[in-house]
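A.B. asks: here you go, sequence then predicted model.
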Amino acid sequence: MEKFTEITGTAAPMPLVNIDTDMIIPKVFLKTIKRSGLGVNLFDEMRYDREGNEIPDFVLNQPQYRDAQILVAGDNFGCGSSREHAPWAIKDFGIRCVIAPSFADIFHNNCFKNGILPIALPQEQVDLLMKDAEKGSNARMTIDLEGQTVTTSDGEKFPFEVDAFKKHCLLNGLDDIGLTLEKGTAIDTYEDSLNQSRPWV
């Protein structure tokens, strides 16, 4: 998994509450088990019309937000079904951080397992970040995971909380497989011991 330490980039404003996982990636795209290739269908039903043409007014179709690395959204982001394809699509699009007043629990955990940092901040702070994001590509935010701060384009800083273990995993690029591989020596030692004590197994 790609490490997350600090990013500075454009933030896309999406002031909608209750953005569910079906809005993030509609169920028709859940046929794949690959984590790549879903970014083009992120927010598909909001990004495209029925003929597959881009809807110009949608934020991620606007030139200044096409390369957004940060998403500022409304309350209860990621609610709905527990599909892991939702963070896959967000990450594949290029977004590494989502800021909102609150997140659905399963989506929140899935973000960390896929290299995305979900930041929950009070509504008044999210409102200020939303206004900053609305300035477009010239307004670049900085997310510092080590220092646990969000810095606006004007230099205003907001501290955020993050679970220490999840922070460790993001900083070191460790998903569940990576965490298991860290125990490789201990696993090998156990397997060798088991083979010696129970060779018939």
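C.D. replies: Good, I have the coordinates. Numbers count the residues shown, from 1 in each chain.

A.B. asks: so who does Ile24 touch?
C.D. replies: Listed by C-beta atoms under 8 Å, 6 or more residues apart in numbering, the contact set of Ile24 reads 42-43, 78, 86, 89-90. C-beta here means a position set from N, CA and C on the backbone, and glycine is covered the same way.

A.B. asks: one more time with 10 Å
C.D. replies: 38, 41-44, 46, 77-78, 80, 83, 85-90, 107 (C-beta atoms under 10 Å, 6 or more residues apart in numbering).

A.B. asks: keep only those of those residues that are in helices.
C.D. replies: 44, 46, 85-90, 107 (DSSP state H).

A.B. asks: send me the longest strand seen in the chain as CSV with only the CA atoms.
C.D. replies: Secondary structure of the chain per DSSP state E: the longest strand is strand 6-14. Coordinates of each C-alpha in strand 6-14 appear next as CSV, following Å, rounded to 0.1, in the frame of the first residue of the first chain:
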residue,chain,number,x,y,z
GLU,A,6,1.9,14.6,3.7
ILE,A,7,0.0,15.9,0.6
THR,A,8,-0.5,19.3,-0.8
GLY,A,9,-3.1,19.6,-3.5
THR,A,10,-6.5,20.8,-4.7
ALA,A,11,-9.5,20.1,-2.6
ALA,A,12,-12.9,19.5,-4.4
PRO,A,13,-16.0,20.8,-2.5
MET,A,14,-19.0,18.5,-2.4
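
A.B. asks: thanks a lot, catch you later.
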